[in-house]
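> Next come a sequence and a model predicted from it.
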Amino acid sequence: MTSRTSTSELDPQHFRHVVGHLASGVTVVTTRMDGEAYGMTASSVTSLSLAPPMMLACLNRATPTTQAVSRSGRYAVNVLGQGHAHLAQQFAVPSDDKFKGVEVLEGRHRVPLLAGALAHIECEVVEEITGGTHSIFVGRVLLATAGQGEPLTYFRGGFGRFEFARDDAVYQRARRQVLERQYAADEVLHLDDLAHQLDVDAASAFYALTRLAADGLVHRDPARGYVITPFDVATSDEAFDARCAIELGVIQVAGTTAADDDVVELRRRFETMASLLVGQRFVDFESYLDANYAFHEQLVSLARNPALTAAFGRLSIKTVMTRSFGSTPVTSQDFIEAQRLITEGLEQRDPTVATAGVLRYTELAKGRVREILAQTGGRL
């Protein structure tokens, strides 16, 4: 099923998933400041103008490289080839020496260039624009050179060739290990260690890490690298209570006035979700997770209030549910029955029944987290 969400309703994780379908080349942006070389992997780099030749580079403001580009006023775009996934990985994670083992050339305009890159584009910053978490550098091209070869590409969270071959099995194994709590909360996942544990190459391990980060199971710490995201009762209670508050507000506003077509769609989404939980077992947990999210998203949309829908999207409920259910296929039909109560209450235009369903479902969800955490000493 195609996911469609209007601009006002987008949350960061959904947006990351959608724009991940935009294939792009992979570059390393480099500069030099006070005699020190800086570099970072960047896929948000593009040509802006042919006459005059200009480039755009969008870099996260929290990184040292961005600050160095801003101060030095110059940068180089190093376009990576198919055999350079290791360079993309090396420059994508925090390190005291990102250039370790990398052959570097001195650009004509005193910026470091990666010797093996497919192409080099040296730029002078003519404008710096702030856009959200990033700085957008408009660069006038001073020099551009290119060699032979095929470019490395970035697509749906991983590096590869134009065939976009994906080692999803590696990601699934890494994900299962995180959900089965083989790593401690706040533990750093080093790329080489993960590759060794999974018995795969670094490229496959890095793809797994980027997917785990998109899931919210790990996060990027600027100083430490990829870290297991802690999960505790406070984290889950906050998310479930916030969802509960939003849904109770929707029922109060639209419980008796929701459009018939919207309620029919809510019923359809409920039936889809219910079909994926048979007895006490998930038929397909990933599909159930998507269907569950779609059901609650539709419930919130009954109010036809984009601000409420956007607030719901920011709760990262999918991540919380993934952590709370873990990797076990076993659950309870009580969850479905509570959501059935919500659906029937709205169909009957009875806010009292729908409210009871929301409160019951929230109680069950919070109880599930406590069951899981009781087995792990109170924190995942």
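Okay, I see it. Numbers count the residues shown, from 1 in each chain.
> State the distance from residue 182 to residue 176.
9 Å (C-beta to C-beta, to the nearest Å). (C-beta placed from N, C-alpha, C; glycine too.)
> meant to ask about residue 220, not that
For residue 220, the distance to residue 176 - C-beta to C-beta - is 21 Å.
> So for the two, which sits in the more crowded spot?
residue 220 (16 against 12; other C-beta atoms under 10 Å).
> Three-state assignment for that one, please.
Secondary structure assignment for residue 220 (DSSP: H, G, I helix; E, B strand; the rest coil): strand.
> element containing residue 290, please.
helix 285-301 (DSSP states H and E).
> That helix - contacts with which helices or strands?
helix 233-254, helix 260-274, helix 306-313, helix 317-325, helix 334-347 (3 or more C-beta pairs under 8 Å, 6 or more residues apart in numbering; DSSP states H and E).
> Enumerate the positions of that helix that are buried.
Neighbour counts over helix 285-301 (16 or more other C-beta atoms under 10 Å) mark 285, 288-301 as buried.
> which of the residues in the helix or strand where residue 46 lies are buried?
Assigned by DSSP H and E, residue 46 belongs to strand 45-50. Neighbour-count burial for strand 45-50 flags residue 45 (criterion: 16+ other C-beta under 10 Å).
> Could you pull up the mean pLDDT of stretch 277-287?
The pLDDT scores in stretch 277-287 average 82.
> next one: stretch 220-239
86.
> and the nearest residue to residue 283 once chain neighbours are set aside, how far is that from residue 111?
Excluding its sequence neighbours, the residue lying closest to residue 283 (C-beta to C-beta, 6 or more residues apart in numbering) is residue 276, at 4.8 Å. Distance of residue 276 to residue 111, computed by C-beta to C-beta: 53 Å.
> And those two? Which one has more around it.
residue 111 (28 against 19).
> Could you find the closest non-adjacent residue to that one?
residue 76 (4.3 Å).
> wait, is that neighbour part of a strand?
Yes. Assessed with three-state DSSP, residue 76 lies in a strand.
> related to what we said a few turns ago, a markdown table for the helices and strands packed on helix 285-301, including mean neighbour count and distance to residue 216?
What follows is the helices and strands packed on helix 285-301, written out as a markdown table (neighbours: other C-beta atoms under 10 Å; distance: least, C-beta to C-beta, whole Å):
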| stretch | mean neighbour count | distance to residue 216 |
| --- | --- | --- |
| helix 233-254 | 18 | 11 |
| helix 260-274 | 17 | 21 |
| helix 306-313 | 18 | 13 |
| helix 317-325 | 21 | 3 |
| helix 334-347 | 20 | 21 |
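> Relative to residue 41, which of the ones you listed is closest?
Nearest of the helices and strands packed on helix 285-301 to residue 41, taken as C-beta to C-beta: helix 317-325 at 24.2 Å.
> surely residue 275 meets residue 283?
Yes. Counting by C-beta atoms under 8 Å, residue 283 is a contact partner of residue 275 at 7.3 Å.
> any idea how the chain splits into domains?
7-155, 166-228, 233-374 (automatic domain parsing).
> For the stretch 201-350 of the chain, which residues score under the pLDDT cut-off?
Confidence mapping of the stretch 201-350 of the chain against pLDDT under 70 gives the ranges 325-330.
> all helices for the stretch 51-200 of the chain, in order.
Taking DSSP state H, counting those that start in this stretch, the helices of the stretch 51-200 of the chain run over residues 64-72, 85-92, 168-179, 191-198.
> ranking the ones you listed by burial, who's on top?
Mean neighbours per residue, mean count of other C-beta atoms under 10 Å, is largest over those for helix 85-92, with a mean of 22.
> Report all helices and strands that that one contacts.
Against helix 85-92 (3+ C-beta pairs under 8 Å, 6+ apart) you get strand 27-33, strand 36-42, strand 158-160, helix 202-215.
> Averaged pLDDT, that helix. What do you get?
In the prediction, helix 85-92 has an average pLDDT of 87.
> Distance-wise, check residue 105 relative to residue 148.
17 Å.
> the more surrounded of those two?
residue 105 (15 against 6).
> wait, the more buried one sits on residue 117?
No. Contact criterion C-beta under 8 Å: residue 105 and residue 117 do not qualify, at 9.2 Å.
> picking that back up, rebuild the helices and strands packed on helix 285-301 as a markdown table, extending it with distance to residue 358.
Converted to a markdown table, these look like this (distance: least, C-beta to C-beta, whole Å):
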| stretch | distance to residue 358 |
| --- | --- |
| helix 233-254 | 5 |
| helix 260-274 | 13 |
| helix 306-313 | 13 |
| helix 317-325 | 14 |
| helix 334-347 | 6 |
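> For residue 31, find the nearest of the ones you listed.
helix 317-325 (34.8 Å).
> Which secondary structure elements does that closest one sit against?
helix 202-215, helix 233-254, helix 285-301, helix 351-374.
> want to throw those into CSV with distance to residue 317?
Below are these laid out as CSV (distance: least, C-beta to C-beta, whole Å):
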stretch, distance to residue 317
helix 202-215, 13
helix 233-254, 6
helix 285-301, 6
helix 351-374, 9
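> ok, how many other residues are close to residue 63?
Neighbours of residue 63 (other C-beta under 10 Å): 19.
> Quick check: phi and psi at it.
When read as degrees, to the nearest 10, the backbone of residue 63 gives phi -90, psi 150.
> hang on, the earlier thing: dump the residue contacts of the residue nearest to residue 283.
282-284, 287-288, 291 (C-beta atoms under 8 Å, 6 or more residues apart in numbering).
> Please report phi then psi for it.
phi -100, psi 0.
> Next: the one 5 residues further on.
Dihedral angles of residue 281 (phi, psi; degrees, to the nearest 10) stand at phi -130, psi 140.
> Next one: it from residue 88, what distance?
From residue 281 over to residue 88 (counting by C-beta to C-beta), the distance is 40 Å.
> any idea of the pLDDT on residue 40?
So, for residue 40, pLDDT stands at 94.
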